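Student: Could you work out the structure for the sequence below:
(one chain, ligands or ions: 2)
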Amino acid sequence: MRTQVGIVGAGPAGLLLSHLLHQQGIASVVVERRSESYVQQRVRAGLLEQGTTDLLRQCGLGERLAAEGLVHEGVLLRFDRCTHRIPLTELTGKTVTVYGQQKVVEDLIAARRAADGTVFFDADEVSVAGVAGDRPVIRAVIEGRPVEIECDFIAGCDGSHGICRDQIPAGVHTQFEHDYPFAWLGVLAKVAPSTDELIYAFHGNGFALHSLRSPEVSRLYLQVDPSEPIENWPDQRIWDELQTRLGTDDGWTLAEGPLLEKGITAMRSVVTEPMQHGRLFLAGDAAHIVPPTGAKGLNVAVADIKVLAEAFASWYAHGNRDRLDGYSQACLRRVWRAQDFSYWMTTMLHRDPDDTDEVLARLQLSRLRYVTESPAAARTLAENYVGYTTST
Ligand code: RFL
Ligand code: PHB
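Tutor: Numbers count the residues shown, from 1 in each chain. Ligands and ions are numbered 1, 2, ... in the order given. Down below sits the predicted model:
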């Protein structure tokens, strides 16, 4: 089999790349190791920056987004049992939209299907070879048969546990990594959200986040110890802890409901530099991971794909490799800005288990008060939260 761009991974990054390439008349094949239903049901991100929704609209994926996306003009910070609003739109002119990553993936799969795009789900033994030469290949076992796909280029969109990153030789790339001493327990609850805007809460017991998915479904998160098994968190303990951490003195109440899903995710910051080698280009979580507190992961993945799709278009239309050669450099400034913002939000809002004398907690409270009192500081948060576009 032959194609122009072979794509490993059918997450939002891989599917969006395939969709954008198709719109430029460039052929691609997507190879995914999981089943289609697994990929469509995986509960993850929820918050899209305006740059992301603009791109989705421009490439023909705006219809359901307009009908079901919840557009937000502000975000709430809660500490000392009080709520403080950061007016995002007033401060930046931009909005953010709550639209589950699952829906983005569903929309992309529907678009690829409508265009007769090739997406192989349930692929076994996926491997990649020859990225330093002229004819890289993706090999896999698909429906029990070995398949070899010859490509002009390979896009590694296979997430944080993928195989593509390992194709960059150790001496050629550097992996920057930082682990955090906390994890997130995330739940999806069948109950109307108790808030119209996201609430990020700092509490002595740890961080909590109240997000939304739809008028009937809430998404909530709790900071937990990364070593703690999910079995330690029966549903009622989760609600009790959410009530404690999100509690206020102004009469606000948190409605409880049945939990549809729950899972624990460790928090890490990772960046691979450069994000390319020979004919291999990494994008999204395959190249970088951010802690979720800044809601940046999916948005940075989409930003990578925009740059990469334009670089492929420039190569295939004009034979010009400059944009492909400059891909990594073009992406990394934004990646590090997202890393810094995510680190800043994370350390401002999580309770550090080693902070026994509570010095850090005092500093965090001071920072939170500053961010909610000073228009300059609030603007810094707002412009990063809605998506800061660096000048080159
Ligand atoms: P994905 O989504 O992980 O997709 C990678 C795909 O590659 C497949 N794969 C392979 N396929 C073939 N062969 C192999 N050897 C393969 N190995 C892996 C996988 O099965 C998968 O289908 O990466 P992608 O496309 O780069 O997308 C990145 C986003 O998924 C991620 O950054 C976000 O979900 C992060 N994130 C958030 N981002 C936001 O922008 N806003 C948010 O509000 C937000 N909240 C979150 C999040 C991530 C979370 N978790 C669970 C990590 C909240 C959470 C809890
Ligand atoms: C989500 O809705 O899943 C979500 C929202 C904001 C974040 C992280 C996750 O910072």
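
Student: do stretch 226-234 and ligand 1 meet at all?
Tutor: No. Counting by C-beta under 6 Å from any ligand atom, ligand 1 is not contacted by stretch 226-234; separation bottoms out at 13.1 Å. The way it works is simple: take the backbone N, C-alpha and C, and place the C-beta from them, glycine included.

Student: Okay, buried residues for that stretch please.
Tutor: Applying a neighbour-count criterion of 16 or more other C-beta atoms under 10 Å, the buried positions in stretch 226-234 are 226, 233.

Student: Can you classify whichever residue of the stretch 101-250 of the chain sits closest to ligand 1 as helix, strand or coil?
Tutor: Across the stretch 101-250 of the chain, no residue is closer to ligand 1 than residue 159, which sits at 2.8 Å (C-beta to the nearest ligand atom). Of the three states, residue 159 takes coil under DSSP: H, G, I helix; E, B strand; the rest coil.

Student: Skipping adjacent residues, who's closest to it in space?
Tutor: Spatial nearest neighbour of residue 159, excluding adjacent residues (C-beta to C-beta, 6 or more residues apart in numbering): residue 285 at 4.4 Å.

Student: How far off centre is stretch 22-30?
Tutor: In terms of C-alpha atoms, centre = their mean, to the nearest Å, the gap separating the centre of stretch 22-30 from the centre of its chain is 23 Å.

Student: Does ligand 1 have contacts with it?
Tutor: No. Counting by C-beta under 6 Å from any ligand atom, no contacts exist between stretch 22-30 and ligand 1, the nearest distance being 8.8 Å.

Student: Okay, buried residues for that stretch please.
Tutor: Taking 16+ other C-beta under 10 Å as the neighbour-count basis, stretch 22-30 is seen to contain the buried residues 22, 26-30.

Student: Let me see the contact set for the closest residue to ligand 1 within the stretch 1-150 of the chain.
Tutor: For the stretch 1-150 of the chain and ligand 1, the shortest gap (C-beta to the nearest ligand atom) falls at residue 11, measuring 2.0 Å. For residue 11, the contact set (C-beta atoms under 8 Å, 6 or more residues apart in numbering) comprises 39, 105, 157-159, 284-285, 301.

Student: Looking at these, spot the one nearest residue 48.
Tutor: Distance ranking of the contacts of residue 11 against residue 48, using C-beta to C-beta, places residue 301 first at 11.2 Å.

Student: per-residue pLDDT, residue 234?
Tutor: The per-residue pLDDT reported for residue 234 equals 97.

Student: Checking residue 203 next. Helix, strand or coil?
Tutor: coil.

Student: Just give me the neighbour total for it.
Tutor: 20 (other C-beta atoms under 10 Å).

Student: Could you find the closest non-adjacent residue to it?
Tutor: Among residues not flanking residue 203 along the chain, residue 245 sits closest, at 4.1 Å (C-beta to C-beta, 6+ apart).

Student: By mean pLDDT, flag the weakest helix or strand of this protein.
Tutor: The helix or strand of the chain with the poorest confidence is helix 36-41; it has a mean of 93 (mean pLDDT, DSSP states H and E).

Student: helix or strand right after that helix?
Tutor: If you walk from helix 36-41 toward the C-terminus, the next helix or strand you reach (DSSP states H and E) is strand 47-49.

Student: what's next to that next one, contact-wise?
Tutor: Where contact means C-beta under 8 Å, 6+ apart, the residues beyond strand 47-49 that reach it are 56, 69, 94, 96-99, 104, 198, 211, 295, 298-299, 386-387.

Student: Tell me which entries of those residues lie within strands.
Tutor: 96-98, 211 (DSSP state E).

Student: Any figure for the gap between the residue of the stretch 1-150 of the chain closest to ligand 1 and residue 38?
Tutor: Counting by C-beta to C-beta, to the nearest Å, the separation of residue 11 from residue 38 is 11 Å.

Student: tell me the contacts of the residue in the chain positioned nearest to ligand 2?
Tutor: Per C-beta to the nearest ligand atom, the residue of the chain with the smallest distance to ligand 2 is residue 46, at 2.6 Å. The neighbourhood of residue 46, defined by C-beta under 8 Å, 6+ apart, consists of 98-101, 211-213, 219, 295.

Student: Who's the closest spatial neighbour of residue 187, skipping the chain neighbours?
Tutor: Nearest residue to residue 187 in three dimensions, chain neighbours excluded: residue 262, at 4.5 Å (C-beta to C-beta, 6+ apart).

Student: Output whichever strand or helix holds that neighbour as CSV, nothing but the C-alphas.
Tutor: Assigning secondary structure by DSSP H and E places residue 262 in strand 259-273. Presented in CSV, the C-alpha positions along strand 259-273 are these (Å, rounded to 0.1, in the frame of the first residue of the first chain):
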residue,chain,number,x,y,z
LEU,A,259,-21.5,8.8,38.4
LEU,A,260,-21.2,7.6,34.8
GLU,A,261,-17.4,7.2,34.7
LYS,A,262,-14.4,7.7,36.9
GLY,A,263,-10.6,7.6,36.5
ILE,A,264,-7.3,8.7,37.9
THR,A,265,-4.6,10.5,35.8
ALA,A,266,-1.1,11.3,36.9
MET,A,267,0.2,14.8,36.1
ARG,A,268,3.3,15.4,34.0
SER,A,269,5.0,18.1,31.9
VAL,A,270,6.9,16.6,29.0
VAL,A,271,8.4,18.2,25.9
THR,A,272,10.4,16.4,23.1
GLU,A,273,12.8,18.7,21.2
